[in-house]
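S.K.: Fold the following, please.
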Amino acid sequence: MTTSAWAALYDRCADGYDPHVGHFAVLGRRLVDLVDPLPGERVLDVAAGRGACLFPAAERVGPAGAVHGVDLSEGMVRQLAADIAGRGTANATAARMDAQALTVAEGSYDRVLCAFALFLMPDPGSAARGFLRALRPGGRCGVSVPVEQLMPGDRAAMSDLFRSVALRAGPAAARRPDFGMNAGGLLAEAGFTGVRVVEEESAFVFADTAAWWEWTWTTGFRAFYERLPADLLEEFRERAFALLEPAVTREGLPATARTRFAVGTRPGGPGM
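M.R.: Predicted structure coming up:
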């Protein structure tokens, strides 16, 4: 998919983004913890979505600091601006901007964050070089990418189902983003030093199969669904539910995700 197609997709996802389990919110806070913004610092949150990183970063930097969230999706920016106003987060803003062509002053931020977006970009290297340029010397960047998508039930069986349906739908449905991309290598190639990579598995619980289905429509799964003919989409839904129902417990439908976090520093700071 092109950059504009991804932006349009997330326009359609924006209103009800990440319901039920707050997958992106949980992992966004984890990325903020790893990057560790300090009180009074300026933070740029790239591909900010509905603020999974922005709001915990705003808490960290406090009233003397600032967090600027940017996203290519107009729908996400509109919703994020409303969320910022609704929460009364006075030290945060939202604006539309292309992550692959950041229009911010060089060295204007202490921290840059980018969660679950690099693997969707046609030119992630340009984005990473832009992150470096946006940082002051000694500033820190943190990114996250999925190694394995959030998936309930038997992952192998669900993956086989996705694959078989995609093949029947044709090449467009079979295309997928670069899961498991080398985010640490990308930062190093862009010029970051001291790059550290952490992989973690996270567990979530959906209330039931219907909650999982609703959640997937607010994420990149939607791109796959929208490429399927209506009858094949319904067949996929029925077969997925049949696979997932045996996995439902009294607590709900458990699911796991594996995420790769990478953190690096712009050279030139004190002692470097």
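S.K.: For the stretch 151-272 of the chain, which residues score under the pLDDT cut-off?
M.R.: Scanning the stretch 151-272 of the chain for pLDDT under 70 picks out 171-176, 269-272.
S.K.: Going along the chain, name the helices of it.
M.R.: With DSSP state H, counting those that start in this stretch, the ranges of helices along the stretch 151-272 of the chain come out as 155-169, 171-174, 183-190, 209-216, 221-226, 230-244.
S.K.: Identify all contacting residues around the third one.
M.R.: Meaning helix 183-190. Contacting residues not belonging to helix 183-190 are listed as 118, 124-125, 128-129, 131-132, 141, 143-145, 195-197, 260-262, 264 [C-beta atoms under 8 Å, 6 or more residues apart in numbering]. For the C-beta atoms, the positions are set from N, CA and C on the backbone; glycine is no exception.
S.K.: ok, 6 Å please
M.R.: Outside helix 183-190, the residues that touch it by C-beta atoms under 6 Å, 6 or more residues apart in numbering are 124, 128, 129, 132, 143, 145, 195, 197, 260, 262, 264.
S.K.: name the element the fourth one belongs to?
M.R.: I take that to be residue 132. Per DSSP states H and E: residue 132 is located in helix 124-134.
S.K.: and that helix, what's its mean pLDDT?
M.R.: The pLDDT scores in helix 124-134 average 97.
S.K.: for that helix, which positions count as buried?
M.R.: 124, 126, 127, 128, 129, 130, 131, 132, 133, 134 (16 or more other C-beta atoms under 10 Å).
S.K.: Going by distance to residue 93, which of those wins?
M.R.: Checking those against residue 93 by C-beta to C-beta gives residue 134 as the nearest, at 15.1 Å.
S.K.: Can you tell me who residue 141 pairs with across the strands?
M.R.: Beta-bridge pairing for residue 141 (DSSP bridges): residue 112, residue 264.
S.K.: Can you give me the distance of the residue nearest to residue 26 when sequence neighbours are not counted to residue 259?
M.R.: Distance criterion C-beta to C-beta, 6 or more residues apart in numbering; nearest residue to residue 26, sequence neighbours excluded, is residue 202 at 6.7 Å. Per C-beta to C-beta, to the nearest Å, residue 202 is found 7 Å from residue 259.
S.K.: Of those two, give the one with the bigger neighbour count.
M.R.: More crowded of residue 202 and residue 259, by other C-beta atoms under 10 Å: residue 259, with 24 against 15.
S.K.: mind listing what the more buried one touches?
M.R.: Contacts of residue 259 by C-beta under 6 Å, 6+ apart are 27, 144, 146, 200.
S.K.: Which of those residues fall in strands?
M.R.: Counting by DSSP state E, the contacts of residue 259 place 144, 146, 200 in strands.
S.K.: now the contacts of residue 259 as a markdown table including neighbour count?
M.R.: Shown next, in a markdown table, are the contacts of residue 259 (neighbours: other C-beta atoms under 10 Å):
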| residue | neighbour count |
| --- | --- |
| 27 | 23 |
| 144 | 28 |
| 146 | 19 |
| 200 | 14 |
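S.K.: what two of these are the furthest from one another?
M.R.: Spatial extent of these (C-beta to C-beta) is set by the pair 146 and 200 at 11.4 Å.
S.K.: before we move on, the earlier item: only alpha carbons, please: show the helix holding residue 132 as PDB.
M.R.: The C-alpha trace of helix 124-134 is given here as PDB (Å, rounded to 0.1, in the frame of the first residue of the first chain):
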ATOM      1  CA  PRO A 124      11.500   3.900   6.700                       C
ATOM      2  CA  GLY A 125      15.100   4.900   6.300                       C
ATOM      3  CA  SER A 126      14.100   8.400   5.400                       C
ATOM      4  CA  ALA A 127      11.900   8.500   8.500                       C
ATOM      5  CA  ALA A 128      14.700   7.300  10.700                       C
ATOM      6  CA  ARG A 129      17.100   9.900   9.300                       C
ATOM      7  CA  GLY A 130      14.400  12.500  10.000                       C
ATOM      8  CA  PHE A 131      14.200  11.400  13.600                       C
ATOM      9  CA  LEU A 132      18.000  11.900  13.900                       C
ATOM     10  CA  ARG A 133      17.800  15.400  12.400                       C
ATOM     11  CA  ALA A 134      15.000  16.400  14.700                       C
END
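S.K.: Perfect, I'm done here.
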